[in-house]
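Colleague: Structural data only, the sequence is not supplied:
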């Protein structure tokens, strides 16, 4: 802060942009000095009068520096000037906000030095400058590296990359994540990276195939197999495999449940079976309330009950004085007699007597029975009425086998199926509106290397890790010498060649081959051997079936047969596999006085209890352990208790 000496009042008037009051609400120094001079020069009482310099010095000495906003300082006054020295009260790095100074915060207002930790296969150095940091990264791993998305580590030879070879072996991907050596067979040598044919050699003149395998013939035959269909043998496509695997096992299934009053059914495939409570006007189940009401009846003062019946009956147990049963049974009668009224005369009490002609009225009798196709009837007084089974060309009754066949057919609304399209020379044509077949034809061709990547042909795995080959004696290459997953390698025989002395073939056990080996010329014929196709290869592992057999998965890779169950049995699950069981098991008991507990085997929630033919409500008994049922009210002597257990 510095003020220059003002020469005279007229030339040192405060300009209009100088505030009259400063920031501390005090009279600003220029205006103060102006007013003092004005006062003195207009007759003020200052003695002696101060000149301009004295006025400046006097009022400048009243200026102080406040310690605030991170600032402090002091003022040194000279004759004509005031030297102001400012300093800060903040230590360390300082930041300003346009009004005050404060200490800067590490990590918010400025960065700490950069450090690098050695981890996950990485290390490095950092040179921290005044405004930048120079980072140099390096790895702690030697050799070839591999990463897992988080860290790097040393790659393993033979697993992560092909190991170095000495030029005396060929590597191929072994399907287990690594590489193995190709075995060099007879007639071929591999030395110094060169694959050569040895021996006199030869030429295949013809290769044929037996259905479902076909060959285009010639010296470069195309071997193919068609996809199997309803009329064509061949390979099983994954689509058909899933279709067959997802089919419903054959069997008899409940499609609708009806009921006769008082039992009610909502119908359909998931019916709700119910029964209302019995009342004075409706049949139904006996409620526990009514049971108690009926059970408590008969407690009057009768001391003896006897039974008297006509002479055609005999009576036992009469009279009953405490408890018991009155039983009436028919007495024996003379043979060839009937119970009827008198044969002549007026009405009278019926007795057992012989029939007379007047007892038989004139009736219309059947004298002849005939039938209209498909029903046939034999002649005579004891005709046999029959109907034959319906077939393709004959009407008749529908057999249970045909019923299941028709019932298992689809219920869709497709009226037409057409085939179209072509893939690698194979075309699908035709249209089926009721029955028939779509036609799959053509010759498989134009398969690119990319479609064969990682597939296996004659034991050689095609992949992206094969090395370049060098043509040796009797062999030349065209269309490239390195397989990279897309470019083809063509091997051509050169020179006069030689003679193949033997060609043999092996096939899986479910196939058989004849004509092997071929020593001059011939045909290798492949046919089915009769051995079951394993389940893991899309087969069933079964070679024969009995009508009604059901296939089911008994393990993750095993199919087993379940023989047809006994008529009336239902299909259920036991120990995790399907099995046939009777639909229910009925157990009957004759109760003793006040008996409540009855032993029976059942599945909890699948048992019904009847007392004297009346179905009990679930609240009238306890059945929670699968071995016994406890009634809520004790039985009377001779009560018949029945239990029907389902799915046991």
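Modeller: Good, I have the coordinates. What you see is a predicted model, and the numbers here were worked out from it, not measured in a lab.

Colleague: got a list of what residue 600 touches?
Modeller: Applying CB atoms under 8 Å, 6 or more residues apart in numbering, we find residue 600 in contact with 587, 607, 627, 628, 629, 643, 645. C-beta coordinates here come from the backbone N, C-alpha and C atoms, glycine included.

Colleague: Let me know whether the third one touches residue 599 as I believe.
Modeller: Yes: using CB atoms under 8 Å as the test, residue 627 is close enough to residue 599 to be in contact (6.4 Å).

Colleague: before we move on, back to that, can you flag the buried ones in the contacts of residue 600?
Modeller: 587, 607, 629, 643, 645 (16 or more other CB atoms under 10 Å).

Colleague: and the helix or strand encompassing the last one, what other elements does it pack with?
Modeller: Assigning secondary structure by DSSP states H and E places residue 645 in strand 640-646. Here strand 640-646 touches strand 584-590, strand 607-611, going by 3 or more CB pairs under 8 Å, 6 or more residues apart in numbering; DSSP states H and E.

Colleague: Which SSE is immediately downstream of the longest one?
Modeller: Okay, so that is strand 584-590. That would be, after strand 584-590 and using DSSP H and E, strand 597-599.

Colleague: what does that next one rub up against?
Modeller: 589, 591, 627, 628, 629, 630, 631, 641, 643.

Colleague: quick check, nearest of the residues you listed to residue 540?
Modeller: Within the contacts of strand 597-599, the smallest distance to residue 540 is 40.2 Å, found for residue 627 (CB to CB).

Colleague: ok, the closest one to residue 600 distance?
Modeller: 7 Å (CB to CB, to the nearest Å).

Colleague: Please apply the same query to residue 100.
Modeller: Counting by CB to CB, the gap from residue 100 to residue 600 is 95 Å.

Colleague: burial measure for residue 286, as a count.
Modeller: 19 (other CB atoms under 10 Å).

Colleague: Can you name the residues bridging to residue 628?
Modeller: With DSSP bridges as the criterion, residue 628 is bridged to residue 599.

Colleague: shift numbering so it begins at 514
Modeller: Got it, the first residue is 514 from now on, which makes the last one we talked about residue 1141.

Colleague: who's in contact with it?
Modeller: Per CB under 8 Å, 6+ apart, neighbours of residue 1141: 1110, 1111, 1112, 1113.

Colleague: which residues sit in contact with the closest residue to residue 1071 other than its chain neighbours?
Modeller: Computed as CB to CB, 6 or more residues apart in numbering, the closest residue to residue 1071 that is not its neighbour in sequence is residue 1048, at 6.1 Å. Under the criterion of CB under 8 Å, 6+ apart, the neighbours of residue 1048 are 1054, 1070, 1071, 1072.

Colleague: Now the buried members of those.
Modeller: Judged by 16+ other CB under 10 Å, buried ones among these: 1054, 1072.

Colleague: and the contacts of residue 1048, which of them are in strands?
Modeller: Under the assignment DSSP state E, these contribute 1071, 1072 to strands.

Colleague: what number of residues lie near the nearest residue to residue 1095 once chain neighbours are set aside?
Modeller: Spatial nearest neighbour of residue 1095, excluding adjacent residues (CB to CB, 6+ apart): residue 1082 at 5.5 Å. For residue 1082, the count of nearby residues is 14 (other CB under 10 Å).

Colleague: Over to residue 1161?
Modeller: Residues near residue 1161, counting by other CB under 10 Å: 16.

Colleague: tell me the contacts of the closest residue in space to it that isn't next to it in sequence?
Modeller: Nearest residue to residue 1161 in three dimensions, chain neighbours excluded: residue 1098, at 5.4 Å (CB to CB, 6+ apart). Residues near residue 1098 by CB under 8 Å, 6+ apart: 1114, 1157, 1158, 1161.

Colleague: go on, residue 724?
Modeller: residue 746.

Colleague: hang on, it is in a helix, isn't it?
Modeller: No: secondary structure of residue 724, determined by DSSP: H, G, I helix; E, B strand; the rest coil: coil, with no helix assignment.

Colleague: Find the centremost residue of this structure, please.
Modeller: With distances taken as CA atoms, centre = their mean, the residue of the chain nearest its centroid is residue 759 (13.9 Å).

Colleague: State the pLDDT value of it.
Modeller: On the pLDDT scale, residue 759 is placed at 80.

Colleague: for the one 5 residues further on, same thing?
Modeller: The confidence metric pLDDT takes the value 68 at residue 764.

Colleague: Same check on residue 992?
Modeller: Predicted confidence (pLDDT) for residue 992: 58.

Colleague: Kindly report the same for residue 629.
Modeller: 75.

Colleague: Next, give phi and psi for the residue nearest to it when sequence neighbours are not counted.
Modeller: In space, and not counting its chain neighbours, residue 629 is closest to residue 637: 4.2 Å by CB to CB, 6+ apart. Backbone dihedrals for residue 637, given as degrees, to the nearest 10, come out at phi 170, psi 180.

Colleague: can you check the one 10 residues further on too?
Modeller: The phi and psi values for residue 647, taken as degrees, to the nearest 10, are phi -100, psi 120.

Colleague: neighbours of it, just the number please.
Modeller: 10.

Colleague: and it, bridged to which residues?
Modeller: residue 640.

Colleague: right, and it touches residue 640 too?
Modeller: Yes: assessed by CB under 8 Å, residue 647 is found in contact with residue 640 at 4.4 Å.

Colleague: Which pLDDT value goes with the residue nearest to residue 1161?
Modeller: The model's pLDDT for residue 1098 equals 88.

Colleague: ok, now residue 873?
Modeller: 72.

Colleague: Equivalent analysis for residue 1108, please.
Modeller: For residue 1108, pLDDT reads 94.

Colleague: try residue 870
Modeller: 69.

Colleague: Repeat that for residue 784.
Modeller: 84.

Colleague: Please apply the same query to the one 3 residues further on.
Modeller: At residue 787, the pLDDT value in this model is 87.

Colleague: Check residue 965 too.
Modeller: At residue 965, pLDDT is 49.

Colleague: One more: residue 562?
Modeller: 60.

Colleague: and what of residue 620?
Modeller: For residue 620, pLDDT reads 63.

Colleague: my hunch is that residue 549 is in a helix, does that hold up?
Modeller: Yes: under three-state DSSP, residue 549 sits within a helix.

Colleague: mind listing what residue 1077 touches?
Modeller: 1059, 1060, 1061, 1062, 1063, 1093 are the contacts of residue 1077 under CB under 8 Å, 6+ apart.

Colleague: Helices along the stretch 764-913 of the chain, start to end?
Modeller: With DSSP state H, counting those that start in this stretch as the criterion, the stretch 764-913 of the chain has helices at 801-808, 913-920.

Colleague: For residue 767, find the nearest of the ones you listed.
Modeller: helix 913-920 (11.5 Å).

Colleague: and that closest one, how far out from the chain's middle?
Modeller: Relative to the centre of its chain, helix 913-920 is centred 32 Å away, using CA atoms, centre = their mean, to the nearest Å.

Colleague: Which strands and helices lie in contact with the helix or strand following it?
Modeller: Sequence-wise, the next helix or strand downstream of helix 913-920 (DSSP H and E) is strand 930-931. Helices and strands touching strand 930-931, by 3+ CB pairs under 8 Å, 6+ apart, are strand 944-945.

Colleague: Show me what the strand it packs on is in contact with.
Modeller: So strand 944-945 is contacted by 929, 930, 931, 932, 951 (CB under 8 Å, 6+ apart).

Colleague: Leaving out sequence neighbours, find the closest residue to the second one.
Modeller: Counting by CB to CB, 6+ apart, the nearest residue to residue 930 once its immediate chain neighbours are dropped is residue 945, at 4.8 Å.
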